[in-house]
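1. sequence below, structure please.
(chains A, B, C and D)
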There are 2 protein chains.
Amino acid sequence: MSHVPEPDQRDQPDPSLRLLWRHRAGASEEPKAKRGPKQKVSVDEIVDAAIDLADAEGLAAVTMRAIAQRFGLGAMTLYSYVPNRDALLVLMADQVTGRTELPDLPEDPRKRLELVANLQHEELRAHPWLLEVQDVRPWLGPNMSDRYEWQLRAVDGLGLSDLEMDQTVAVLVGFAGSIARSELMKRRAEQVTGMTESQWWAANYETLNEVMEGSDYPLAARVGTAAGEAYQAATDPARELDYGLARIIDGVLAHVAR
Amino acid sequence: MSHVPEPDQRDQPDPSLRLLWRHRAGASEEPKAKRGPKQKVSVDEIVDAAIDLADAEGLAAVTMRAIAQRFGLGAMTLYSYVPNRDALLVLMADQVTGRTELPDLPEDPRKRLELVANLQHEELRAHPWLLEVQDVRPWLGPNMSDRYEWQLRAVDGLGLSDLEMDQTVAVLVGFAGSIARSELMKRRAEQVTGMTESQWWAANYETLNEVMEGSDYPLAARVGTAAGEAYQAATDPARELDYGLARIIDGVLAHVAR
DNA sequence: ATTTGTTCCGTACGGCGTACGAAATTATTT
DNA sequence: AAATAATTTCGTACGCCGTACGGAACAAAT
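-> From the prediction side, this is the model:
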């Protein structure tokens, strides 16, 4: 059997790039009338439906079949809109990113940096499934790009080098993400176990004591208790973000002042 | 049809807690001889095999069937060792955590905090699948608890409140995690596309220019280029961690000095 | 010797993403 | 007007997954 060498698919441009940028000017190669039956829905509708699903029932509920059903379509029909599920997730991420508008940046440097982190945090609270998408590939969609540019404007003019600007954004966004993730974990745990955190501790108090007999965690016991009480305390989720954010910004501002 | 009310399973202690702590003294209710056939393997062996699999081929490769096959067992046999796959993931996380030994803490406060972040970062580099496990539930296994206690010792004596100690650890660990996550994303992307990052940029340069026509990203273009070059530059992965870590520690130390 | 609680595991169910190919629909070419 | 070509729709099917179920093999307790 002879083996015809397949054309090397490496070095071919990523097809989902055009899909990501389908709305922006450059991508529009006139919507030339195509042949087959008219498409019954649009890519945007599909992506929006997927976002709704993810918001309501989590990323695991975003199945091709479930989305298709929302439009009364067959599952396989979606593949004429989107190359595969992973690509859809990227489209969802970019599209939902476009929904949060980017406010004007305040004058005060501290406030600017806070805004970057808080915006990210709130977005992730509203769409926790974003935390699970972030894998996969270089997805620089239009809204992601806008976001990054805006984040860079927030750290521009502070006296940071280009590299440091990127890294500063990375710290702020990364920390906001890690807080959002830990909050999500807590919510999920409550959902899975069917009890609040304090209920869980109450239900497992004996077992824990029994099982941890012999090990001792003086600091963890004291600190963990304090933290646990603080977080479930009172009104607010105590803004777990605030302490770390303040320290980070202190550090950055001290750095540029030098 | 009458409905017999099921016994409320809430408030029952979590069964996988005993499994997690199976080695520690308190958990050992004498290994009373059990009835059936002797177990052919041990929970530890299973968990170790699963860890090997995850290290080698990623968390997705950790399937019940694949693990069982390693021991010549049927897939369902695993369920006499472990209640389900999620529980196994938790066991993996705790077990792999126990593998990295916790060095003595240096005197210098800065070095202590660096150590906490670097240790976490290196562990996540060695076992990236940990980044995907972290969901699910309050999993305080023995090795996790040891780790937390050790982390708290690192921030003890600096003059932080109990709550602040917890939060400081959270910032350090969270940031280390976010860096590890972004590195992982990059590696995955290279794997999926089959090109290095710079190859990808080269292959998509034209498409990007075309598609981004009309939008402009002055800062992102400049900064992104600088960052991209720095990261792929020269010898080291440039320790993306270092800049942010330095700022965070600066902030924390300034805070306690106040 | 019998009972009882375990382990082992084959089979099967319902879910997933998606490859494949047929049928229907539409624009283009003849 | 008829034929052709390109597209969309989508039913079916494959190979995965986790795991529920129940029977068989087994070893300790009775």
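2. got the contact list for A:Val43?
-> For A:Val43, the set of contacting residues under the criterion of Cβ atoms under 8 Å, 6 or more residues apart in numbering or on different chains consists of A:Leu19, A:Arg22, A:Tyr81, A:Val82, A:Leu91. Just so you know, the C-beta spots here come from the backbone N, C-alpha and C atoms, and that holds for glycine as well.
3. among these, which ones are buried?
-> Listed as buried from the contacts of A:Val43 are A:Leu19, A:Arg22, A:Tyr81, A:Val82, A:Leu91; burial here means 16 or more other Cβ atoms under 10 Å in any protein chain shown.
4. could you dump those residues to TSV with secondary structure and pLDDT?
-> As requested, these are arranged in TSV below (DSSP: H, G, I helix; E, B strand; the rest coil; pLDDT from 0 to 100):
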residue	secondary structure	pLDDT
A:Leu19	helix	94
A:Arg22	coil	93
A:Tyr81	coil	97
A:Val82	coil	97
A:Leu91	helix	97
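5. let me know the closest of these to DNA strand C.
-> A:Val82 (8.4 Å; Cβ to the nearest atom of the strand).
6. which residues touch the nearest residue to the closest one once chain neighbours are set aside?
-> Once flanking residues are discounted, A:Val82 sits nearest to A:Leu88: 4.8 Å by Cβ to Cβ, 6 or more residues apart in numbering or on different chains. Applying Cβ under 8 Å, 6+ apart, we find A:Leu88 in contact with A:Ile46, A:Val47, A:Ala50, A:Val62, A:Leu78, A:Val82.
7. how near is the most centrally placed residue in chain A to A:Glu190?
-> Nearest to the mean C-alpha position of chain A, by Cα atoms, centre = their mean, lies A:Leu130 at 3.0 Å. Between A:Leu130 and A:Glu190 the distance, using Cβ to Cβ, to the nearest Å, works out to 20 Å.
8. the longest helix along chain A vs DNA strand D: in contact?
-> Criterion DSSP state H: the longest helix present in chain A is helix A:162-193. No - Helix A:162-193 stays out of contact with DNA strand D when judged by Cβ under 7 Å from any atom of the strand, the minimum separation being 11.8 Å.
9. tell me which residues in that helix are buried?
-> Quick answer for helix A:162-193 (16+ other Cβ under 10 Å): A:162-186, A:189-190, A:193.
10. equivalent analysis for stretch A:99-116, please.
-> Neighbour counts over stretch A:99-116 (16+ other Cβ under 10 Å) mark A:Leu102, A:Leu105, A:Pro109, A:Arg112, A:Leu113, A:Glu114, A:Leu115, A:Val116 as buried.
11. residues making contact with it?
-> The contact list for stretch A:99-116, computed with Cβ under 8 Å, 6+ apart, reads A:119, A:122-123, A:146-147, A:150-151, A:153-155, A:158, A:168-169, A:172-173, A:245, A:248-249, A:252-253.
12. contacting chain B as well, which ones from the residues you listed?
-> Contacts with chain B within the contacts of stretch A:99-116, as defined by Cβ under 8 Å from any Cβ of the partner chain: A:Asp146, A:Arg153, A:Thr168, A:Val173, A:Ile248, A:Ile249, A:Val252.
13. now the last one: which helix or strand?
-> Going back to what we said before, that points to A:Val252. In this structure, A:Val252 is located in helix A:240-257 according to DSSP states H and E.
14. tell me the helices and strands packed up against that helix.
-> Applying 3 or more Cβ pairs under 8 Å, 6 or more residues apart in numbering or on different chains; DSSP states H and E, one finds that helix A:240-257 makes contact with helix A:109-126, helix A:162-193, helix B:162-193, helix B:240-257.
15. just confirm yes or no for the third one near DNA strand C.
-> No - judged by Cβ under 7 Å from any atom of the strand, helix B:162-193 stays clear of DNA strand C, getting no closer than 11.8 Å.
16. for the following helix or strand past that helix, list the C-alpha coordinates in CSV.
-> Using DSSP H and E, the helix or strand that follows helix B:162-193 in sequence is helix B:197-211. Only the C-alpha atoms of helix B:197-211 are listed here, as CSV (Å, rounded to 0.1, in the frame of the first residue of the first chain):
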residue,chain,number,x,y,z
GLU,B,197,3.9,29.5,20.6
SER,B,198,6.1,31.5,18.2
GLN,B,199,5.3,29.1,15.4
TRP,B,200,1.6,29.6,16.1
TRP,B,201,2.1,33.4,15.9
ALA,B,202,4.0,33.1,12.7
ALA,B,203,1.3,30.8,11.2
ASN,B,204,-1.5,33.1,12.2
TYR,B,205,0.2,36.4,11.7
GLU,B,206,-1.6,37.2,8.5
THR,B,207,-4.9,36.0,9.6
LEU,B,208,-4.7,38.0,12.8
ASN,B,209,-3.7,41.2,10.9
GLU,B,210,-6.6,40.7,8.5
VAL,B,211,-9.1,39.9,11.2
